[in-house]
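*Asks:* Here you go, sequence then predicted model.
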Amino acid sequence: MPEGITREWVETAAENRDEDEKLFSMVRNAFQRKIDVGVHVPTYPQFRDMIGQFLDIIKDEKNCYEPYVLKEENAKILELEIIDEVAKQYREETGKTLEVRVCIAGPIDLYLQAFGATGYVDAYHILALDIEDFIKQAFVAAKNFKIKVIALDEPSLGINDRIQFSDANIISALTVASTYARKQGADVEIHLHSPLKYKLVCETPINVIGFEYAATPSYLNLLDKKVLEDSNTYVRLGVSRTDISSLVGIINENYGVNVWKEKEYMQKIVTDLETPDVVKKRLETAYSILGDRIKYASPDCGLAFWPDQELAFKLLENTAKGINKFNAEKEKREE
């Protein structure tokens, strides 16, 4: 979050729409800075609760034909309307159309928040249809930018034992939620925290599996490159760490300080630990195993909890530089 602004303020401003100027300015600034630090396919800035942002709309009776059955025209992501102005300016200045990643809560995580552990298959399927509506409206909102990736956020899949649905139910819901975007020519990514259930995802139209590799390199061992190739599935790797508490712990140990009190040491996270060269090295290791199955690379999930925006943008910049270095060297080798 920008300094002095709380998540609660953003939630209220987005719901009441009584401080649009301040809200729009904050979202546009963050989005512009993502572009400025070198992110190739920026995600719209998510300052709201990832699940609540969608579930609040779905649970509001005036947005639905019947409980949870959303009217498509109400399935809007406000942030996409806000960033369109930045995309328009980008096109005017560069002559290119900006490619954007659109993140939407996935059916399992929406379901767990709405209904808990009880397995109502019909309700689960309805939520998958609601997600499809959000995706359709996202393409309507993309007047001055191109949606390159739709990312379904499903961190619970593979790590939450409360999920009551069969594999067939999960495949069906993910198929419903991803088919429209694939027909529009976009990549559909599923954002997992652990790739434990990746084979199940390979049975759906989803063609990119994203997971947090930087903090947990052993996740790479769970993947079989042949399974990915046979299903024409790619991966999105987290190549820079965002687990801020662990990173602070390393700096504390290295320098014998308490970073939370001696904040000037916080910079060491991006000058000593998560540097472009470290990012490049991680990517090289992963590439030696997965090769061209790697389609996207990014920071791990978790930047929302960083102490300030400046440090977060510096990590984004380091990540972009590391990826660019890797790509440049790869191209040289292939010449």
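*Replies:* Alright, I've got the coordinates.

*Asks:* what's near enough to touch residue 270?
*Replies:* 311, 314, 315, 318 (CB atoms under 8 Å, 6 or more residues apart in numbering). For glycine as for every other residue, the C-beta is placed from the backbone atoms N, C-alpha and C.

*Asks:* nearest to residue 152, of these?
*Replies:* residue 315 (24.0 Å; CB to CB).

*Asks:* Verify the contact between that closest one and residue 303 for me.
*Replies:* Yes - counting by CB atoms under 8 Å, residue 303 is a contact partner of residue 315 at 7.0 Å.

*Asks:* Mind jotting down where the strands sit in the stretch 101-250 of the chain?
*Replies:* Assigned strands in the stretch 101-250 of the chain, in chain order: 145-153, 187-191, 208-211, 234-240 (criterion: DSSP state E, counting those that start in this stretch).

*Asks:* can you give me the offset of stretch 224-241 from its chain's centre?
*Replies:* Its chain's C-alpha centre and that of stretch 224-241 lie 16 Å apart, by CA atoms, centre = their mean, to the nearest Å.

*Asks:* In a markdown table, list the strands of the stretch 101-250 of the chain along with distance to residue 5.
*Replies:* Compiled in a markdown table, the strands of the stretch 101-250 of the chain are given as follows (distance: least, CB to CB, whole Å):
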| stretch | distance to residue 5 |
| --- | --- |
| strand 145-153 | 23 |
| strand 187-191 | 25 |
| strand 208-211 | 28 |
| strand 234-240 | 25 |
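
*Asks:* Let me have those strands in CSV, extended by mean pLDDT and distance to residue 138.
*Replies:* Output for the strands of the stretch 101-250 of the chain, formatted as CSV (pLDDT from 0 to 100; distance: least, CB to CB, whole Å):
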stretch, mean pLDDT, distance to residue 138
strand 145-153, 98, 6
strand 187-191, 97, 12
strand 208-211, 95, 17
strand 234-240, 97, 18
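
*Asks:* Out of the ones you listed, the one nearest residue 37 is which?
*Replies:* Residue 37 lies closest to strand 234-240 among the strands of the stretch 101-250 of the chain, at 12.4 Å (CB to CB).

*Asks:* Determine the set of other helices and strands touching the closest one.
*Replies:* Contacts defined by 3 or more CB pairs under 8 Å, 6 or more residues apart in numbering; DSSP states H and E place strand 234-240 against strand 187-191, strand 208-211, helix 276-290, strand 294-299, helix 309-334.

*Asks:* Relative to that strand, what are the paired strands and their orientations?
*Replies:* Here strand 234-240 is paired, per DSSP bridges, with strand 208-211 (parallel), strand 294-299 (parallel).

*Asks:* Turn the helices and strands packed on strand 234-240 into TSV, columns for mean neighbour count.
*Replies:* Below are these laid out as TSV (neighbours: other CB atoms under 10 Å):
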stretch	mean neighbour count
strand 187-191	24
strand 208-211	24
helix 276-290	17
strand 294-299	22
helix 309-334	17
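
*Asks:* that older thread, shared neighbours, residue 315 and residue 303?
*Replies:* With CB under 8 Å, 6+ apart as the test, residue 315 and residue 303 both reach residue 242.

*Asks:* if we can go back for a sec, residue 61 is nearest to which of the strands of the stretch 101-250 of the chain?
*Replies:* strand 145-153 (24.9 Å).

*Asks:* ok and the closest one relative to strand 294-299, angle-wise?
*Replies:* On the basis of axes from the mean of the first three to the mean of the last three CA atoms, to 10 degrees, strand 145-153 is oriented at 80 degrees to strand 294-299.

*Asks:* okay, the angle between strand 145-153 and strand 187-191?
*Replies:* Using the same axes, to 10 degrees: strand 145-153 against strand 187-191 is 30 degrees.

*Asks:* Just list what strand 145-153 packs against, helices and strands only.
*Replies:* Helices and strands touching strand 145-153, as assessed by 3+ CB pairs under 8 Å, 6+ apart, comprise helix 78-94, strand 98-105, helix 121-141, helix 167-183, strand 187-191.
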